[in-house]
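# coordinates only, no sequence provided:
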């Protein structure tokens, strides 16, 4: 029995059926009888096969790719032979930070058998959808751009599908035409969803409820069903569209990513205007150059969302959708945000910030002596999509107090 090998990322071009084949023999020397997978969500995926061989096997490798990822993952099977029979299994842990795969992901995989005489055999590609196997009653509804996996409420899934399909067509002028489908996995309640989302930190687990999470490389969105699920779904899907438009650029600033997601939000009942006005009146608006992370204070986080949405609205309303499209394309080419803005709009970030502030009556930024300590709730160096967060009752109290003061 061979020991399980650690997994690493490799290759930027995904395998094709014949790309690893050297002197493959498939007739009398080696045959696959069964090749399959088992999902034990949220713990692991097991890749399995049985076959016959007349040649001594040195190793059996599993290659697999998740969604639209450009990188290939691989590991080696534990295998054993008995006479000419051979069987193998490789377990991939998905309950780790690096190994996490969101439910709804499409996984493509194959095996490569290395023989002791130096020859190889490569199987055909296999594909499956990894769903949350804690529940066995998943159903699906499919549109032109979106597939929704749901349980029980087909009418709710249909409403979300219509809203999300419209969004993708509506945002085409900004992010371009999308071809690969996006999977949306809909959870009925937070108790079901908590085991499926990727945890950010112990602090965020205590203080925040995740209403949605987007994974642009996997083309998957997780959404909590409820009154805000239209807004959550469209917000998170826009993250995937922006990620595709910028080709996963590390230069995509958080304010632009979240601002575009909120610009696309089709839930018109969600508004950050109140907090934006409060931020203007209390000098809480951060310079755009500092919005690579959002503040840890719940009120200031809402101010930052409102600020980001307002800036994106200003850019699109005053300069049109085409310039935003060019800006995102510039970022996909590796430009910094200043370089991308200068090429598409004719000015840099500081000028954008100043001009936007003038239009909302905010005035120049003045540093506050007793600034609120910020904690990172999203990775500033990552272009993966950020969470749309619903805050616990403490935030509701903050909102009531602030609303009362403004009235």
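Structure received. As the structure is a computational prediction, the values presented were derived from the model and not from experiment. Numbering: from 1, shown residues only.
# all contacts plus neighbour counts: C-alpha atoms, from now on.
OK.
# mean pLDDT per helix and strand in this structure: which one sits at the bottom?
One helix or strand of the chain scores below all others by mean pLDDT, DSSP states H and E: strand 8-10, with a mean of 36.
# which residues of the stretch 201-350 of the chain fall in helices?
Remark: helices assigned in the stretch 201-350 of the chain by DSSP state H, counting those that start in this stretch are 202-207, 229-245, 254-264, 273-281, 298-319, 321-332, 337-344, 349-360.
# where does the protein have low pLDDT?
Residue ranges of the chain with pLDDT under 70: 1-27, 199-209, 268-270, 368-407.
# how's it carved up into domains?
Here the domain parsing of the chain from automatic domain parsing is 8-130, 139-406.
# just say which of these is most tucked in.
domain 139-406 (a mean of 18; mean count of other C-alpha atoms under 10 Å).
# one step back: just checking the distance from the helix or strand just after the least confident helix or strand of the chain to the centre of its chain.
Proceeding C-terminally, strand 8-10 gives way to strand 30-40 as the next helix or strand, assigned by DSSP states H and E. Centroid separation between strand 30-40 and its chain, computed with C-alpha atoms, centre = their mean, to the nearest Å, is 29 Å.
# quick one: strands adjacent to the helix or strand immediately after strand 30-40 in the chain?
Following strand 30-40 in sequence order, the next helix or strand is strand 44-53 (DSSP H and E). Paired strands of strand 44-53, with direction, are strand 30-40 (antiparallel), strand 85-93 (antiparallel) (DSSP bridges).
# quick one: closest of those to residue 357.
For the strands paired with strand 44-53, proximity to residue 357 was assessed by C-alpha to C-alpha; strand 85-93 is nearest, at 48.1 Å.
# list the contacts for the closest residue to residue 308 other than its chain neighbours?
Using C-alpha to C-alpha, 6 or more residues apart in numbering and skipping the chain neighbours, the partner closest in space to residue 308 is residue 259 (4.3 Å). Residues near residue 259 by C-alpha atoms under 8 Å, 6 or more residues apart in numbering: 305-312.
# in JSON lines, list those residues along with distance to residue 112.
As requested, these are exported to JSON lines (distance: C-alpha to C-alpha, whole Å):
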{"residue": "305", "distance to residue 112": "48"}
{"residue": "306", "distance to residue 112": "51"}
{"residue": "307", "distance to residue 112": "51"}
{"residue": "308", "distance to residue 112": "48"}
{"residue": "309", "distance to residue 112": "49"}
{"residue": "310", "distance to residue 112": "52"}
{"residue": "311", "distance to residue 112": "51"}
{"residue": "312", "distance to residue 112": "48"}
